[in-house]
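Colleague: how does the following fold in three dimensions:
(2 chains)
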Amino acid sequence: MEIDFTTDEMMTIAAARALGNDDICFVGIGAPSAACNVARLTHAPDITLIYESGTIGTAPDILPLSIGDGELCDTAVTTVSVPEMFRYWLQGGRVTVGFLGAAQLDRFGNINTTVIGDYNAPSIRLPGGGGAPEIASSCGEIFITMKQTLRGMVEVVDFFTSFGHGSGGTDRADLGIITKGPTLLITDLAVWRPDPKTKEFIVRSLHPGVTRDHVQDTCGWPVKFADDLGVTDIPTELELTTLRDLKARTEAAHAVEVA
Amino acid sequence: MAKFQSLKEAVSDNLKDGDTVAFEGFTHLIPHAAAHEAIRQNRKGLTLVRMTPDVVYDQMIGMGMVDKIIFSYAGNPGVGLLRRMRDAVENKWPKALEIEEHSHAAMANAYEAGAAGLPCAVFRGYKGAGLKDVNNNIREVTCPFTGEKLAAVPSVRPDVTFIHAQKANKRGDILIEGIIGVQKEAVLAAKRAVVTVEEVVDDFDDVHVNACILPRWAVTSVCVVPGGAHPSYAHGYYTRDNAAYVEWDKIASDRGLFQEWMQKNVLTVDETVFEKRISTLKGAA
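Modeller: Take a look at the predicted model:
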């Protein structure tokens, strides 16, 4: 049976698949949050989701609009203070995966959410890093999810908000960072993983119906494709239904709140 | 020792021109009513501190009260950017804004160090991050025992901290529930602390023994302002007014519209409007 799905849905579902039942996951807001909760509602029911507001082991029925929505606290195993969150749980090395979005990303997984242009005279002042600089260095590994655009996926990020693999190779280890850093990039078009040596993101699989040209046309660096380039498995009915139900519940709940 | 006061008196007594001030709240319990009173009293030359400056800091910056902001994430949560703050940073309107930018980990550690009476905070952070190249207050120390290089930032020691909480008891002790953020640290790090609360109850006898309570002698002033966190929320009292955050994006996108809105909704009203604003948001989380 042919199942219709959007590129956004494919992105979220592909990202959800990367998470395991035993993961302790620090969740960024937006696309990562949807993916993490789809994982929890499908193949990873015991995954621990942590939001930087201090909610540990949260299981929201609807997606939060911000990292500090009441729903996260209501459904959490425990809610701790923000200093405890960052000191004991994140810096303490207890988080296996950090799941981040990005305004700007380069081929080595360096992320910019601080400024477009010069820091002291920016053309666009973005919100800033929030928890990301230390999420990027303290979590066991980092997954990144974002939609592909030429503005977003750039040759060089304007600002190193969160350090990925720097200029590649052993840059990360050379700075004394012992965690793996970015190990996975999921876009609306493809699944990427870093080359083991150079650390440059390589396309490992294209989402169904996507061509190499699609990927290159929306990416600001010359894209490398794996020799054994695959096709991402299409969403299952369970994955799609779970995601759509979650989004529908979220929209309904927020519509009631604002009514 | 906590003194029960009107919000007007509490702001007037505790917030001076040129102060370093934190209006803390991590999405939850943001002290909007207190900040609006500060706007009405037209305080100038402030250094604002907060991990997550959002709508209410956008308003104070747009009103020209702020010289400097110390922060780690400046956005309208779930909506986008802070347009008044951007206008100040990008175009110096209504005046230039000095920024001291950190990460959440740094700010949380800096508040905790402030509460602990330490001059600086030490933590493992900023590795490879660009902020340490643009912020001279991010430095490095070497662990004297292991030789590990660690990040150091100055502690945050506000002249005054404002927070919003659910309850005070009659003695003036304060109960904070739900997402407690960094409010306890922000209060204990400050020279003076003003707390607005939803209500005053007789006692806290039925509260869990490990609840987050600030004893009355750790607080300067308590003001009863129902709805005082709106459009943020108060766990157990009212939900977040998401529509107001979305609406703010439109209001803040235009200087004239912004000034009109401030005139109508802040400058010519008082804190009693907050109770009305939450009337349709009650009964949920």
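Colleague: the stretch 1-150 of chain B: helices as residue ranges?
Modeller: With DSSP state H, counting those that start in this stretch, the ranges of helices along the stretch 1-150 of chain B come out as B:7-14, B:32-40, B:55-62, B:83-91, B:104-115, B:131-134.
Colleague: meant to ask about chain A, not that
Modeller: A:7-17, A:31-41, A:70-74, A:82-84, A:132-138, A:171-174, A:212-217, A:237-258 (DSSP state H).
Colleague: pipe the ones you listed into TSV and attach distance to chain B per row.
Modeller: For glycine as for every other residue, the C-beta is placed from the backbone atoms N, C-alpha and C. TSV is the format used below for those (distance: least, Cβ to the nearest Cβ, whole Å):
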stretch	distance to chain B
helix A:7-17	17
helix A:31-41	10
helix A:70-74	4
helix A:82-84	4
helix A:132-138	4
helix A:171-174	7
helix A:212-217	26
helix A:237-258	4
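Colleague: which of those has the lowest average pLDDT?
Modeller: Ranked by mean pLDDT, those bottom out at helix A:237-258, which scores a mean of 87.
Colleague: tell me the angle that helix makes with helix A:31-41.
Modeller: Angle, helix A:237-258 to helix A:31-41, by axes from the mean of the first three to the mean of the last three Cα atoms, to 10 degrees: 120 degrees.
Colleague: distance of residue A:95 from residue B:156?
Modeller: Going from residue A:95 to residue B:156 by Cβ to Cβ, to the nearest Å gives 25 Å.
Colleague: sorry, that was for residue A:56
Modeller: When residue A:56 is compared with residue B:156 (using Cβ to Cβ), they lie 25 Å apart.
Colleague: ditto for residue A:60
Modeller: Using Cβ to Cβ, residue A:60 is found at 31 Å from residue B:156.
Colleague: what of residue A:241?
Modeller: For residue A:241, the distance to residue B:156 - Cβ to Cβ - is 47 Å.
Colleague: pick out whichever of these two has more residues nearby.
Modeller: Ranked by neighbour count (other Cβ atoms under 10 Å in any protein chain shown), residue A:241 and residue B:156 place residue B:156 first, with 30 against 13.
Colleague: pretty sure residue B:256 belongs to a helix, no?
Modeller: Yes. The assignment for residue B:256 by DSSP: H, G, I helix; E, B strand; the rest coil puts it in a helix.
Colleague: what sits closest to residue A:110 if chain neighbours are left out?
Modeller: residue A:164 (4.2 Å; Cβ to Cβ, 6 or more residues apart in numbering or on different chains).
Colleague: per-residue pLDDT, the one you found?
Modeller: Among the per-residue scores, residue A:164 shows a pLDDT of 98.
Colleague: tally of neighbours for it?
Modeller: When neighbours are counted by other Cβ under 10 Å, residue A:164 comes out with 28.
Colleague: for whatever residue of the stretch 101-250 of chain B ends up closest to chain A, give me its contacts.
Modeller: At 2.7 Å from chain A, residue B:128 is the closest residue in the stretch 101-250 of chain B, using Cβ to the nearest Cβ. Under the criterion of Cβ atoms under 8 Å, 6 or more residues apart in numbering or on different chains, the neighbours of residue B:128 are A:137, A:160, A:163, A:166, A:171-172, A:175, A:177.
Colleague: how about 7 Å then?
Modeller: A:160, A:163, A:166, A:175, A:177 (Cβ atoms under 7 Å, 6 or more residues apart in numbering or on different chains).
Colleague: most neighbours, which of those residues?
Modeller: Neighbour-wise, the contacts of residue B:128 (other Cβ under 10 Å) top out at residue A:163, 26 neighbours.
Colleague: do I have it right that that residue meets residue B:127?
Modeller: Yes. Using Cβ atoms under 7 Å, residue A:163 makes contact with residue B:127 at a distance of 6.2 Å.
Colleague: now for those two: what residues contact both?
Modeller: With Cβ under 7 Å, 6+ apart as the test, residue A:163 and residue B:127 both reach residue A:137.
Colleague: thought residue A:169 was touching residue A:199, still the case?
Modeller: Yes. With contact defined as Cβ under 7 Å, residue A:199 reaches residue A:169; the gap is 6.3 Å.
Colleague: the more surrounded of these two?
Modeller: residue A:199 (23 against 15).
Colleague: which ones are touching that one?
Modeller: Under the criterion of Cβ under 7 Å, 6+ apart, the neighbours of residue A:199 are A:108, A:165, A:168-169.
Colleague: residue B:36 now?
Modeller: Taking Cβ under 7 Å, 6+ apart, we find residue B:36 in contact with residue B:266.
Colleague: what about it, distance to residue A:48?
Modeller: 39 Å.
Colleague: who does residue B:23 form a beta bridge with?
Modeller: According to DSSP bridges, residue B:162 are recorded as the beta-bridge partners of residue B:23.
Colleague: burial count for residue 106?
Modeller: Since no chain was named, I'll use chain A. There are 25 residues near residue A:106, going by other Cβ under 10 Å.
Colleague: oops, I was thinking of chain B
Modeller: Neighbours of residue B:106 (other Cβ under 10 Å): 31.
Colleague: my read: it touches residue B:155, true?
Modeller: No. Counting by Cβ under 7 Å, residue B:106 stays clear of residue B:155, with 10.8 Å between them.
Colleague: hang on, the earlier thing: what's the most buried one of the helices of chain A?
Modeller: Highest mean neighbour count among the helices of chain A (mean count of other Cβ atoms under 10 Å in any protein chain shown): helix A:132-138, with a mean of 28.
Colleague: contacts for that helix?
Modeller: Identification of contacts with helix A:132-138 by Cβ under 7 Å, 6+ apart yields A:26, A:86, A:90-91, A:93, A:95, A:98, A:100, A:111, A:113, A:142, A:161-164, A:177, A:179, B:103, B:105, B:125-127, B:129, B:131.
Colleague: and the residues you listed, which are buried?
Modeller: Neighbour-count burial (16 or more other Cβ atoms under 10 Å in any protein chain shown) is assigned, among the contacts of helix A:132-138, to A:26, A:86, A:90-91, A:95, A:98, A:100, A:111, A:113, A:142, A:161-164, A:177, A:179, B:103, B:105, B:125-127, B:129, B:131.
Colleague: burial measure for the residue lying closest to residue B:37 once chain neighbours are set aside, as a count.
Modeller: Spatial nearest neighbour of residue B:37, excluding adjacent residues (Cβ to Cβ, 6+ apart): residue B:11 at 4.5 Å. Residues near residue B:11, counting by other Cβ under 10 Å, number 26.
Colleague: please report how far residue B:11 lies from residue A:182.
Modeller: Distance of residue B:11 to residue A:182, given as Cβ to Cβ: 46 Å.
Colleague: swap in residue B:114?
Modeller: 34 Å.
Colleague: more crowded one of these two?
Modeller: residue A:182 (28 against 25).
Colleague: what about the nearest residue to that one once chain neighbours are set aside, neighbour count?
Modeller: For residue A:182, ignoring the flanking residues on the chain, the nearest one in space by Cβ to Cβ, 6+ apart is residue A:109 at 3.0 Å. Around residue A:109 there are 29 other residues, counting by other Cβ under 10 Å.
Colleague: please consider this matter closed, and thank you.
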